[in-house]
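Participant: how would this look folded up:
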Amino acid sequence: MKKNNDFDFIKNEFEKENITAPYTLNENLVINRIADVKQKKIRFYQKKSFKAVVSAAACIAVVVTALTAAKPYLVDDKAAIDVAPSVQEQLLNTFTSVEDIKATVKEIEDNKADYAEYFGINGGGYADIAESVFDALNKDMAVTSSTEGGRADSYADTYRQVDAVDEGDIIKNDGEYIYYVSSNHNCIKIYETASGEGKLVSQIDDFRISDYGDNSEDEYIQDIYIYNDTLVVNTYKFEYSEDYSRAEELALVHLFDVSDVSEPKQINTLSQSGAYVSSRLIGNQLYFVSNDYIYSEECKSDDDYIPYICNGKNAEKTVIPFQDIAYGNNPDTASYLIVSAINIETGECSTDTKAIFGAGSNMYCNENNMYITMGQWRWNRDIALLNAAQPIESKTQIVKVNLSENGIQFTATCEVAGDVNNQFSLDEKDGKLRVATTSYNENDERTNNLFVLDESLNKIGEITGFADNESIQAVRFVGDTAYVITYEQVDPLFIIDLSDPASPQIKGEVEITGFSSLLVPVDENTLLGIGYSTYQGEYGEATDGVKLALFDISDHENPIVLDSFVLNDAFSEAQQNHHALVVNNDKGYYAIPYEIFDQKTYESTNGALTFEINAGKIDVTNQFVIDGEETAIRCTYADDNLYVFNYSGCANVFIVD
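Facilitator: Numbering: from 1, shown residues only. Model (predicted):
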């Protein structure tokens, strides 16, 4: 394999913004994980306020999965099912031996090597690949009331997609204490709310990073949960070979007893092979998901081909039995998607763990089912050699995971055309899954689709080919209606009627400049969009601020833009992460963190913006400014106090009248 210096481009992008590139980032890893990223021109360029997104773009590509290959020895003869071309039924089977797994991995790797050779990835072009990643970057908040002890009467919970399903985040608030992941110090800080001053009570330093970043004990905190007196900490780490020539990723769950917050005590630890993907907390059950990539050249024994768990902090590895490892007819990625169920209440790490061949990137989850998407780029070498316009087609594999008292069960898989934007692109109602995607037509132009699938993930309805030359930026499903934002030069909001699942219909649309990346239902007649303002710059369309847009959706055939507001030269974490949005239903305001970058002085102003929706208008009520130039990334509230956090911790507390 030919090596070259273009790999330095990726590391340089980190270093430009004083971000340390992961020390395990190596050329072999990147080649294997981004070989299948479709190369496209950048459509937008970002200002300096977007530095964290742009600099990290190079490592986002690891969630993109690999290439398809036909594997006749895996095909069940029962799989010959007549289905529509946009959705392909895939029966679930289990492996019977490690030799089957080895053969599957080899064929996938051979196909990937063909792709890399054709597109010259091994001979140069990491910058182009990174550019394509740049292009890809582009139920209301629950409010809890309590009078127990020093707990606030009203406090913010994590903004999430489904009310009854909690999502991990870097901040959790139980009304009495705020738990926050300080990414600058890789620790957890606990603040009290009783005084209204955000005093630091204690700090969990178990995950401190060693000075040189080469310590096999180093762990990196991803997100947390709080359940009664138990703090859940999800992390990842790298396990190295003795000569440091090989590194394996490991995803971990740590349980801490915080009944005495001044002295948190670790209860137990569970880990499983692979990189942490996401998780959900339903009642006392944590569902924990990781991706375990397999590279045959690094496998020294048969066990290295099989995913594993460790039930306890220093427990031995236990490989997952073959009967608990599923696959569809056409595995595309040399990796495993691993799902574990952990009972948080008992504090015991006895788990139900299952795996499926493939890699996941986005997750939608309700109380009964979890849906995990696997992005795929299908490459046809024969078409490519004929110089056809479209040798690659984007697909999304969807895996359905049933969550019940009987344990975790992979119940169905399917494929749909295109790729999803994020978790809000999926939603289940009455047992039917609705999914919105952006794909490419025969002219290599973007187009958009919405599919309706039954309980077995067979297609029963669809709309395809709308909003040509645009891509989906935001989706929100509310009852029998889908609200879809696409973008090219303007921001069209499409309203799609799903009351007849077999025949979805676009009822109306309205356009506004810029685009929304998050849609928030205000009430049954009003929809709030949070996203980006744009302008035509020297190098094309550019983003230049935070834009709020308010839509009247009372008449689905004639939606109206009621109002908009732009915070110029600004960036908000809420534009790319819905967890950064705070909704205070008691006080009737919304809050988002922001950063404003001055292009002349190169200085930043950070804080939190609060606003209300009144009589069809967006009323900005406060623009709080925190101390220093460190980026504000979260805010939360307890009673009348708004707490604003930067990368280090709690920066300031403001009174919201």
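Participant: low-scoring stretches of the stretch 501-650 of the chain, by residue?
Facilitator: For the stretch 501-650 of the chain, no stretch has pLDDT under 70.
Participant: If we use 80, what do you get?
Facilitator: Low-confidence segments of the stretch 501-650 of the chain (pLDDT under 80): 537-541.
Participant: before we move on, what about the stretch 101-250 of the chain?
Facilitator: Applying pLDDT under 80 to the stretch 101-250 of the chain picks out residues 110-150, 208-217, 240-247.
Participant: So which bits of stretch 341-348 are buried?
Facilitator: Residues 341-342, 344 are the ones in stretch 341-348 that count as buried (16 or more other CB atoms under 10 Å). Quick note: C-beta positions are derived from backbone N, CA and C, even for glycine.
Participant: Need the contact partners of it.
Facilitator: Contact partners of stretch 341-348, identified using CB atoms under 8 Å, 6 or more residues apart in numbering, comprise 225, 227-228, 230, 232, 253, 255, 257, 267-268, 270, 281, 284-288, 349-353, 403, 407-408.
Participant: Check these for burial and list the buried ones.
Facilitator: Neighbour counting by 16+ other CB under 10 Å classes 225, 227, 230, 232, 253, 255, 257, 267-268, 270, 281, 285-288, 349, 351-353, 403, 408 among the contacts of stretch 341-348 as buried.
Participant: Which members of these are positioned in strands?
Facilitator: Counted as lying in strands by DSSP state E, out of the buried ones among the contacts of stretch 341-348, are 225, 227, 230, 232, 253, 255, 257, 267-268, 270, 281, 285-288, 351-353, 403, 408.
Participant: Dump stretch 189-203 to PDB, restricted to CA.
Facilitator: The C-alpha trace of stretch 189-203 is given here as PDB (Å, rounded to 0.1, in the frame of the first residue of the first chain):
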ATOM      1  CA  LYS A 189     -18.100  18.800  38.000                       C
ATOM      2  CA  ILE A 190     -21.100  18.900  40.300                       C
ATOM      3  CA  TYR A 191     -22.700  22.200  41.200                       C
ATOM      4  CA  GLU A 192     -25.500  23.000  43.700                       C
ATOM      5  CA  THR A 193     -28.500  25.100  42.800                       C
ATOM      6  CA  ALA A 194     -29.800  26.000  46.300                       C
ATOM      7  CA  SER A 195     -27.800  29.200  46.600                       C
ATOM      8  CA  GLY A 196     -28.500  30.300  43.100                       C
ATOM      9  CA  GLU A 197     -24.700  30.900  42.700                       C
ATOM     10  CA  GLY A 198     -23.700  27.600  41.100                       C
ATOM     11  CA  LYS A 199     -21.200  26.600  43.700                       C
ATOM     12  CA  LEU A 200     -18.900  23.700  42.900                       C
ATOM     13  CA  VAL A 201     -19.600  20.900  45.300                       C
ATOM     14  CA  SER A 202     -17.300  18.100  44.000                       C
ATOM     15  CA  GLN A 203     -15.400  16.900  41.000                       C
END
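Participant: Just the buried positions in that stretch, please.
Facilitator: Applying 16+ other CB under 10 Å to stretch 189-203 flags 189-193, 198, 202 as buried.
Participant: Using PDB, write out the CA atom coordinates for the helix or strand where residue 486 lies.
Facilitator: Element membership of residue 486, judged by DSSP states H and E, is strand 481-487. Taking C-alpha atoms only, strand 481-487 is exported to PDB below (Å, rounded to 0.1, in the frame of the first residue of the first chain):
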ATOM      1  CA  THR A 481     -47.500  15.200   9.700                       C
ATOM      2  CA  ALA A 482     -43.800  15.500   8.700                       C
ATOM      3  CA  TYR A 483     -42.100  18.900   8.500                       C
ATOM      4  CA  VAL A 484     -39.100  18.800   6.300                       C
ATOM      5  CA  ILE A 485     -36.500  21.600   5.800                       C
ATOM      6  CA  THR A 486     -34.300  21.300   2.700                       C
ATOM      7  CA  TYR A 487     -31.600  23.800   1.500                       C
END
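Participant: just use 161 as the starting number from now, easier for me
Facilitator: Fine by me, first position is 161 from now on; the one you just mentioned is strand 641-647.
Participant: Show me which residues of it are buried.
Facilitator: 642-647.
Participant: One more: stretch 517-533?
Facilitator: Within stretch 517-533, the residues that count as buried by 16+ other CB under 10 Å are 517-526, 529-533.
Participant: ranges for the strands of the stretch 511-660 of the chain?
Facilitator: Ranges of strands within the stretch 511-660 of the chain are 511-517, 522-525, 529-539, 552-564, 567-577, 586-589, 592-600, 606-613, 619-626, 631-638, 641-647, 650-657, based on DSSP state E, counting those that start in this stretch.
Participant: by how many degrees do the first one and strand 567-577 diverge?
Facilitator: So the one you mean is strand 511-517. For strand 511-517 against strand 567-577, the angle by axes from the mean of the first three to the mean of the last three CA atoms, to 10 degrees is 30 degrees.
Participant: Would you agree residue 400 is in contact with residue 407?
Facilitator: Yes. Residue 400 lies in contact with residue 407 (CB atoms under 8 Å); the separation is 5.3 Å.
Participant: quick one: residue 420 from residue 391, how far?
Facilitator: Separation of residue 420 from residue 391 (CB to CB, to the nearest Å) stands at 12 Å.
Participant: So those two - more neighbours on which side?
Facilitator: Regarding residue 420 and residue 391, a neighbour count based on other CB atoms under 10 Å identifies residue 391 as having more, with 25 against 10.
Participant: nearest spatial neighbour of that one, skipping sequence neighbours?
Facilitator: In space, and not counting its chain neighbours, residue 391 is closest to residue 416: 4.2 Å by CB to CB, 6 or more residues apart in numbering.
Participant: burial of that neighbour, as a residue count?
Facilitator: Residues near residue 416, counting by other CB under 10 Å: 23.
Participant: same check, this time on residue 267
Facilitator: The local packing of residue 267 (other CB under 10 Å) involves 17 other residues.
Participant: Repeat that for residue 460.
Facilitator: Neighbours around residue 460, by other CB under 10 Å: 8.
Participant: In which helix or strand does it reside?
Facilitator: Per DSSP H and E, residue 460 falls between elements, in no helix or strand.
Participant: any weak-confidence spans in the stretch 411-560 of the chain?
Facilitator: In the predicted model, the stretch 411-560 of the chain carries pLDDT under 80 at residues 473-474, 488-493, 507-511, 518-519, 536-553.
Participant: Tell me which residues are up against stretch 768-788.
Facilitator: For stretch 768-788, with CB under 8 Å, 6+ apart as the criterion, the contacting residues are 682, 686, 688, 706, 708, 710, 712, 722-725, 727, 732, 748-754, 765-767, 792, 795, 802, 804, 806, 811-812, 814, 816.
Participant: Relative to the helix or strand where residue 784 lies, what are the paired strands and their orientations?
Facilitator: Using DSSP H and E, residue 784 falls within strand 777-785. Strand 777-785 has the following strand partners under DSSP bridges: strand 764-774 (antiparallel).
Participant: Can you show me the CA trace of the strand it pairs with as CSV?
Facilitator: Taking Å, rounded to 0.1, in the frame of the first residue of the first chain, the C-alpha atoms of strand 764-774 are listed here in CSV:
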residue,chain,number,x,y,z
SER,A,764,-15.2,36.3,20.9
THR,A,765,-18.2,37.2,23.0
ASN,A,766,-20.1,34.3,24.6
GLY,A,767,-23.3,33.9,26.5
ALA,A,768,-26.9,32.8,26.3
LEU,A,769,-29.8,34.2,24.3
THR,A,770,-33.3,33.9,25.8
PHE,A,771,-36.4,34.6,23.7
GLU,A,772,-40.1,34.1,23.8
ILE,A,773,-42.8,33.4,21.2
ASN,A,774,-45.7,35.9,21.6
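Participant: and the gap between residue 474 and residue 700?
Facilitator: Taking CB to CB, one finds residue 474 at 54 Å from residue 700.
Participant: Give me the more crowded residue out of these two.
Facilitator: Legend: neighbour count by other CB under 10 Å for residue 474 and residue 700, higher for residue 700 (11 against 6).
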